[in-house]
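# Predicted model, plus sequence, below.
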Amino acid sequence: HGIASLPPDINESGEKFTVTDKGIRFGLGAVKGVGSKAIEIIQKARDEGGPFKDLADFCNRVRGQQINRRVLESLIKCGAFDSLHPSRATLLSEGEMGAPSYLDRVTQWAATAAESAGQITLFKLEDVAPPKPPGNVTEWSDKQRLTAEKETVGFYITGHPLDKYDND
């Protein structure tokens with residue numbers, strides 16, 4: 001079967017392809033809508049603070065107009081957060097009955113954390129924990145996952161729509 005091609009990874013990918021012990025990982029530069037300035041910001045945050053722990057940690061450490069909702073959605077859809085949270089459906093799940101989506105709640109939490117970090121207050125405010133990912137979210141089908149990869153990277157990375165017909 002040769003060398004595996006792997007989706008971009010928020011903790012392993014550079015701008016271009018990266019060789020890892022698991023295979024060749026797509027670069028963040030391959031993700032539609034993720035510019036080199038955004039990649040620079042991501043790499044700097046990773047170099048300074050170590051690997052990202054989860055989506056909230058990422059949003060809290062990587063700020064700026066270059067990392068907007070569209071960039072985050074593309075990174076999630078292509079699989080860049082799979083090593084931290086294997087459920088793309090959960091990270092992109094919509095809130096119930098008009099409630100904000102999980103992604104919106106995390107980015108709002110990170111913005112509030114940044115705001116309060118910049119203010120001197122008379123009272124020590126308790127650190128507010130980031131929102132927890134929702135439970136019981138239906139995982140994407142293979143077709144949905146592959147469609148999201150094709151949309152964001154231009155390729156099917158973790159499989160192919162015809163794989164189910166493969167008669168090894």
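Arrived safely.

# for the chain, what spans make up the strands?
Using DSSP state E, the strands of the chain run over 5-6, 18-20, 23-25.

# In the sheet, which strands lie alongside the first one, parallel or antiparallel?
Going back to what we said before, that points to strand 5-6. strand 23-25 (parallel) (DSSP bridges).

# avg pLDDT for stretch 28-42?
The pLDDT scores in stretch 28-42 average 91.

# and the end-to-end length of it?
Stretch 28-42 has an end-to-end distance of 10 Å (Cα to Cα, to the nearest Å).

# Check which residues of that stretch are buried.
Leu28, Gly29, Ala30, Val31, Val34, Ala38, Ile39, Ile41, Ile42 (16 or more other Cβ atoms under 10 Å). In this view, the C-beta of every residue, glycine as well, is placed from N, C-alpha and C.

# contacting residues around it?
8, 10, 13-16, 62-64, 66-67, 70-71, 74-75, 78, 80, 151-154 (Cβ atoms under 8 Å, 6 or more residues apart in numbering).

# Show me what stretch 97-110 is in contact with.
55-56, 59-60, 63, 69, 72-73, 76, 90-95, 128, 130-131, 133-134.

# List the ones among these that fall in helices.
Leu55, Ala56, Cys59, Asn60, Arg69, Leu72, Glu73, Ile76, Thr90, Leu91 (DSSP state H).

# What's the ChimeraX line that selects buried ones from these?
Applying 16+ other Cβ under 10 Å to the ones in helices among the contacts of stretch 97-110 leaves a buried subset, and the ChimeraX line that selects it is:
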select :55,56,59,60,72,73,76,90,91
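
# for the ones in helices among the contacts of stretch 97-110, which one is nearest Thr112?
Using Cβ to Cβ, Asn60 is the member of those that lies nearest Thr112, at 10.1 Å.

# That closest one and Ala111, how far apart?
9 Å (Cβ to Cβ, to the nearest Å).

# circling back: list only buried entries from the contacts of stretch 28-42.
By neighbour count, with 16+ other Cβ under 10 Å, the contacts of stretch 28-42 hold 8, 10, 13, 15, 62, 66-67, 71, 74-75, 78, 80, 152-153 as buried.

# which of these sit farthest apart?
Spatial extent of these (Cβ to Cβ) is set by the pair Val62 and Val153 at 19.8 Å.
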